[in-house]
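Visitor: Sequence unavailable; structure follows:
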């Protein structure tokens, strides 16, 4: 077999870590303060403000800046994929480099091809996520451009429309987050070339890092506190609308 028992165990741990954390984060975000939950509220407040403004150049600039960041990762992913495809033609060189590393686990040609295939698969997924995120931010631009002006802040139809804009933007941000998460797990998968035990440890470490940053970081606390202050400010500004 091209893969040993420990390799298969490491691969199983990797997929369980990735899929398990994705499921856990989505479920926990429904009732726990985190980056995704708090930013969703910020986006709703933002879209509430958008429909009360006649000039929306600032919003267009902010959305364009986000799209540029995503486009950078999308183009970088294509370059990485090109490099990975090139490595398929350099298996002998890659095998000799890995064998020269101290404590590295010896791998056959087929095993190295499987490991490269895993990396290629991860970056293909991330490319799809980044490009879908870019498209959804484009949808948000269209919705912002189509939004009527409600200077009073009392129109319930426009309030519902603003929430729909926030939902589309939220989905775009989730796709961007999934793409970034793929990069994190790709770094763990790279450790498989060195040793499967390191692959297991890095998969667990990535889960710990993601959890800490998304649920238990200073940024989360600040964003959550800011969201509460915004809510209080809007209730004082539009008591008849936000009190409902």
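Guide: The structure has been received and is ready for your questions. As the structure is a prediction and not an experimental result, all values here were calculated from the model.

Visitor: all helices of this structure, in order?
Guide: 5-28, 35-50, 57-87, 91-100, 109-146, 156-190, 196-215, 218-237, 239-242 (DSSP state H).

Visitor: Pipe the ones you listed into JSON lines and attach mean neighbour count per row.
Guide: C-beta coordinates here come from the backbone N, C-alpha and C atoms, glycine included. What follows is the helices of the chain, written out as JSON lines (neighbours: other C-beta atoms under 10 Å):
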{"stretch": "helix 5-28", "mean neighbour count": "15"}
{"stretch": "helix 35-50", "mean neighbour count": "20"}
{"stretch": "helix 57-87", "mean neighbour count": "14"}
{"stretch": "helix 91-100", "mean neighbour count": "13"}
{"stretch": "helix 109-146", "mean neighbour count": "18"}
{"stretch": "helix 156-190", "mean neighbour count": "18"}
{"stretch": "helix 196-215", "mean neighbour count": "18"}
{"stretch": "helix 218-237", "mean neighbour count": "13"}
{"stretch": "helix 239-242", "mean neighbour count": "13"}
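
Visitor: give me the number of residues near residue 149?
Guide: Taking other C-beta atoms under 10 Å as the neighbour definition, residue 149 ends up with a count of 14.

Visitor: wait, what's in contact with it?
Guide: 51, 52, 53, 54 (C-beta atoms under 8 Å, 6 or more residues apart in numbering).

Visitor: Could you rerun that using 6 Å?
Guide: Contacts for residue 149 (C-beta atoms under 6 Å, 6 or more residues apart in numbering) come out as residue 54.

Visitor: hmm, back to that, turn the helices of the chain into TSV, including mean pLDDT.
Guide: Formatted as TSV, the helices of the chain follow (pLDDT from 0 to 100):
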stretch	mean pLDDT
helix 5-28	94
helix 35-50	88
helix 57-87	92
helix 91-100	81
helix 109-146	93
helix 156-190	93
helix 196-215	94
helix 218-237	78
helix 239-242	52
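
Visitor: Having no further points to raise, I will conclude here.
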